[in-house]
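In: What shape does this take:
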Amino acid sequence: MRVAVVIPCFKVKRQIRNVIESIGSEVHDIFVVDDCCPEGTADYVRTEVKDPRVTIIQHEVNLGVGGAVITGYRAALASGSEIIVKIDGDGQMDPSLISKFIEPIVSRSADYSKGTRFFFLDTLDKMPKLRLFGNAVLSFVNKVSSGYWNIMDPTNGYTAIHRSCLEMLPLDKIANRYFFESDMLFRLGTLRAVVVDIPMKAKYEDEESSLSVSKVAFEFPLLYIKCFFKRVFYNYFLRDFNGASLELLLGTILILSGGVWGGISWWRAGIEQIASSNGTVMLAVLPIILGFQLLLSAIHFDMSSTPTESIQSINK
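Out: Numbering: from 1, shown residues only. Down below sits the predicted model:
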């Protein structure tokens, strides 16, 4: 299979040459996407890097890491590449691992592979504690929103994807900036693509992350909630309707009806200064309990229905 590597570049002039030179012979094309870098990364690569595999693409305006990757994806598809790997240009991702990332795609056991830094416990001490905690929280939230309960480290940008899967994605709708990786997982989940984690060790040197804690704390939760409701609607009501769909629907109705009935009854009892009867309490509590049980059953179904047959195997 023809393999391409996409490298989004923004303020990585000091590291980009070493990254490109570390890419092995298994890669046929390298797309360096200068995302309006103030350091002039594109000009530096033209001057200092003589690798014939390199194609340089420049953005006139900054589109964010997601926008740069999507530009690289489009170029790789146009070149005829069958597997497209994405790595960062800051040197945190080891290019020697590319063969491991493409292996499950070559064997047709996966459509998309991504790195996880949580496998090697001895290296977690090197990860900044705030970043470690944030990634652990985001991993759980992403499981709920994307449906990939087997995936950790959702913001990890070391990925590989097969063209048959990439061609099915709405590239013009995927988030352009730091929510890009999580949005990719959501979109892949709606396609029922097979995603696997690849253990890797991250390197933390003197690079500065431009992703602020405030962006994650205030912007990501709303985006994850939006993805969750979209996924549930697409997978359980639009494209399919099964037992879990009924459980979600009935469970939600029961919880809401029990809550509304209980709230109204207790409000009236408070105004009239009388105790609620046992029957009134049961009419409120019982639907909530039953609804909660139905939602738990739907969650169990969702956790056990992680995709196992790759898109490329189905379409071969």
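In: Report the secondary structure state of the nearest residue to residue 171 once chain neighbours are set aside.
Out: Of all residues not flanking residue 171 in the chain, residue 70 sits nearest, at 5.1 Å (Cβ to Cβ, 6 or more residues apart in numbering). In this view, the C-beta of every residue, glycine as well, is placed from N, C-alpha and C. Three-state assignment for residue 70 (DSSP: H, G, I helix; E, B strand; the rest coil): helix.
In: can you check residue 84 too?
Out: strand.
In: Identify the residue nearest it in space, chain neighbours excluded?
Out: Nearest in space to residue 84, with sequence neighbours left out and distances taken as Cβ to Cβ, 6+ apart, is residue 76 at 4.4 Å.
In: can you count the residues close to the one you found?
Out: Neighbourhood size, residue 76 [other Cβ atoms under 10 Å]: 28.
In: If I look at it, what pLDDT would I see?
Out: We have a pLDDT of 97 for residue 76.
In: Can you give the contact residues for the helix or strand where it lies?
Out: Using DSSP states H and E, residue 76 falls within helix 64-78. Residues outside helix 64-78 that contact it (Cβ atoms under 8 Å, 6 or more residues apart in numbering): 4, 6-10, 29, 31, 33, 35, 55, 57, 59, 63, 84, 86, 157, 163, 166-167, 171, 174-180, 183.
In: to the chain's geometric centre, what's the distance from it?
Out: 16 Å (Cα atoms, centre = their mean, to the nearest Å).
In: How about stretch 243-252?
Out: Taking Cα atoms, centre = their mean, the mean C-alpha location of stretch 243-252 is offset from the chain mean by 26 Å.
In: What helix or strand is the residue lying closest to residue 301 once chain neighbours are set aside located in?
Out: With Cβ to Cβ, 6+ apart as the criterion, residue 301 has its nearest non-adjacent residue at 4.0 Å, and that residue is residue 244. Here residue 244 sits within helix 243-272, counting by DSSP H and E.
In: Which other helices and strands does that helix contact?
Out: Applying 3 or more Cβ pairs under 8 Å, 6 or more residues apart in numbering; DSSP states H and E, one finds that helix 243-272 contacts helix 278-304.
In: counting contacts, what elements does the helix it packs on pack onto?
Out: helix 243-272.
In: buried stuff in the helix it packs on?
Out: 244-245, 247-248, 250-251, 254-255, 258, 261-262, 265 (16 or more other Cβ atoms under 10 Å).
In: JSON lines for those, including distance to residue 39 and pLDDT?
Out: Output for the buried residues of helix 243-272, formatted as JSON lines (distance: Cβ to Cβ, whole Å; pLDDT from 0 to 100):
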{"residue": "244", "distance to residue 39": "50", "pLDDT": "94"}
{"residue": "245", "distance to residue 39": "51", "pLDDT": "95"}
{"residue": "247", "distance to residue 39": "53", "pLDDT": "96"}
{"residue": "248", "distance to residue 39": "50", "pLDDT": "96"}
{"residue": "250", "distance to residue 39": "57", "pLDDT": "96"}
{"residue": "251", "distance to residue 39": "53", "pLDDT": "96"}
{"residue": "254", "distance to residue 39": "58", "pLDDT": "96"}
{"residue": "255", "distance to residue 39": "54", "pLDDT": "95"}
{"residue": "258", "distance to residue 39": "59", "pLDDT": "92"}
{"residue": "261", "distance to residue 39": "63", "pLDDT": "88"}
{"residue": "262", "distance to residue 39": "61", "pLDDT": "87"}
{"residue": "265", "distance to residue 39": "66", "pLDDT": "85"}
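In: Geometric centre of the protein: which residue is closest?
Out: residue 182 (2.6 Å; Cα atoms, centre = their mean).
In: what's the nearest residue to that one if we skip its chain neighbours?
Out: The spatially closest residue to residue 182, leaving aside those adjacent along the chain, is residue 154, at 5.1 Å (Cβ to Cβ, 6+ apart).
In: Would you agree that neighbour falls within a strand?
Out: No. Counting by three-state DSSP, residue 154 falls outside a strand, being coil.
In: Hmm, it is touching residue 136, no?
Out: No. Distance between residue 154 and residue 136: 10.7 Å, which falls outside the contact criterion (Cβ atoms under 8 Å).
In: Compare those two (neighbour count), which wins?
Out: Shown here are residue 154 and residue 136; by other Cβ under 10 Å, residue 154 has more neighbours (25 against 12).
In: Next up, the contacts around that one.
Out: By Cβ under 8 Å, 6+ apart, the neighbours of residue 154 are 135, 138-139, 142, 146, 181-182, 185.
In: For the helix or strand hosting residue 136, the averaged confidence score.
Out: Taking DSSP H and E as the criterion, residue 136 maps to helix 129-146. The average of the pLDDT scores along helix 129-146 is 83.
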